[in-house]
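Visitor: Give the three-dimensional model of this entry:
(one chain, ligands or ions: 1)
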Amino acid sequence: MTTKIIGTGSCPGERVVTNDDLAKIVETSDEWISSRTGIKERHLTTGLGTSGMAARAAMLACENAGIRPEELDLIVMGTSTPEYCFPSGACQVQAAIGAVNAAGFDISAACSGFVFALMTAHSFLKSGMYRNALVIGADDISKLVDWSDRKTCVLFGDGAGAAVIKAQEDGCFEGMMGCDGKKWEVLTCQARSGGNFITEKKPDLGYIYMDGQEVFKFAVKKVPECIRQVLDANGVGMEAVRYYILHQANERIIDSVAKRLKEPLEKFPMNIQKYGNTSGASIPILLDEMNREGMLNRGDKIVLAGFGGGLTWGAILLEW
Ligand code: UT7
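Guide: Next up, the predicted model:
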């Protein structure tokens, strides 16, 4: 038993914010942001929030898949920015779309969230426990950003992407996940923590902190490594891969991964210029755009690869 993606959907944040808009609030420029990252603009949510964007992306994915929400058995959502500690964002989506027969929970793996969520849902389908699952990557990352810190505030955007997956006998779906907890401090955002009646402190709340160069070095080394690992484990050569759909964190990271794999950049579609880094949402938003633009044909082999805080990474080889 294996897994096939049968539909996709996406929903970016409602408001477009350009590099010039940000140059009005911090000392930066369109030139610096574009040349260092490839980002021209990003979308920020002004009302929908994580679960609202996720629910819209989920409905579109169900429509695209030709499946009714009641037919879903499972919802797994990769997010670092749920609206509540509990309930999970997946439960909010379940209610919003009427997926009354689905169990749901969230996965916390930062920008690798969609890959980890897809691997998790796939494992349930492969085991025979469920047949239809909805996998979401959604982040309202703008609420964690310190808007006075130019090192991070120019990088991120909000959005959600979703995929409906189905259990089936034939096809190809193989992947791996990894993490290096020793490096957790290079990319963090503290949750509400450290306060109770004994400490007489109010819990602290954090903003995103990132050692950009450490994360950059990690990504350009680890992403090609895990892609090679998945391809080698399944005896698939790089010439058989139609597209590599990478987490959209920085155009220069994607260029560097392409060079290290000795693969043409045309195999690495990008939309970072429009959305910035949408964390767990970047891979499914890009996948949905490619699907709707007719770039994917049944039988194409594609690789998804995510990386981010944790540090975490993961790659999936699948047949469209
Ligand atoms: O999705 C999670 C994974 N995250 C990532 O993959 C991010 C990985 N890292 C990166 O993409 C890059 O490291 C950044 C885009 C974050 C930064 O690029 P960089 O080439 O590593 O720049 P830098 O941090 O070395 O900064 C270079 C200079 C510094 O000035 P000095 O010290 O040389 O005078 C910064 O203060 O650029 C300055 N700078 C800025 N200048 C204008 C930093 N941010 C800005 C800014 N505008 N927004």
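Visitor: which residues does the one residue in the stretch 1-150 of the chain that gets nearest to the ligand contact?
Guide: In the stretch 1-150 of the chain, the residue that lies nearest the ligand is Thr28 (3.3 Å; CB to the nearest ligand atom). From N, CA and C alone the C-beta is placed, and that goes for glycine too. Neighbouring residues of Thr28 by CB atoms under 8 Å, 6 or more residues apart in numbering: 19, 22, 150, 154.
Visitor: Mind pulling up the pLDDT for it?
Guide: Thr28 carries a pLDDT score of 98 in this model.
Visitor: Wasn't it part of a strand?
Guide: No. The assignment for Thr28 is coil, going by DSSP: H, G, I helix; E, B strand; the rest coil, so no strand is present there.
Visitor: Distance of it relative to Asp21?
Guide: Thr28 sits 11 Å away from Asp21, going by CB to CB, to the nearest Å.
Visitor: Spell out which residues of this protein are next to the ligand.
Guide: When proximity is defined as CB under 6 Å from any ligand atom, the chain approaches the ligand at 28, 32-33, 36-37, 111, 150-151, 154, 212-213, 215-216, 219, 249-250, 253, 277, 308.
Visitor: From those residues, which land in helices?
Guide: Judged by DSSP state H, helices contain the following of these: 32-33, 36-37, 150-151, 212-213, 215-216, 219, 253.
Visitor: Can you select the buried ones from these in PyMOL?
Guide: To isolate the buried members of these in PyMOL, using 16 or more other CB atoms under 10 Å:
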select buried, resi 33+37+150+212+215+216+219+253
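Visitor: Please convert the ones in helices among the residues of the chain next to the ligand to TSV, extending it with distance to Thr188 and pLDDT.
Guide: Formatted as TSV, those follow (distance: CB to CB, whole Å; pLDDT from 0 to 100):
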residue	distance to Thr188	pLDDT
Trp32	24	98
Ile33	23	98
Arg36	21	97
Thr37	20	98
Arg150	18	97
Lys151	14	97
Gly212	13	96
Gln213	16	97
Val215	11	98
Phe216	16	98
Ala219	16	98
Ile253	19	98
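Visitor: Okay, strands next: where are they in this structure?
Guide: In the chain, the strands defined using DSSP state E lie at 2-12, 15-18, 41-44, 74-78, 103-107, 132-139, 159-168, 173-179, 187-189, 208-210, 241-246, 301-308, 312-319.
Visitor: Contacts for the third one next, please.
Guide: Under the criterion CB under 8 Å, 6+ apart, residues 12-19, 142, 156-159, 273-276, 278 lie in contact with strand 41-44.
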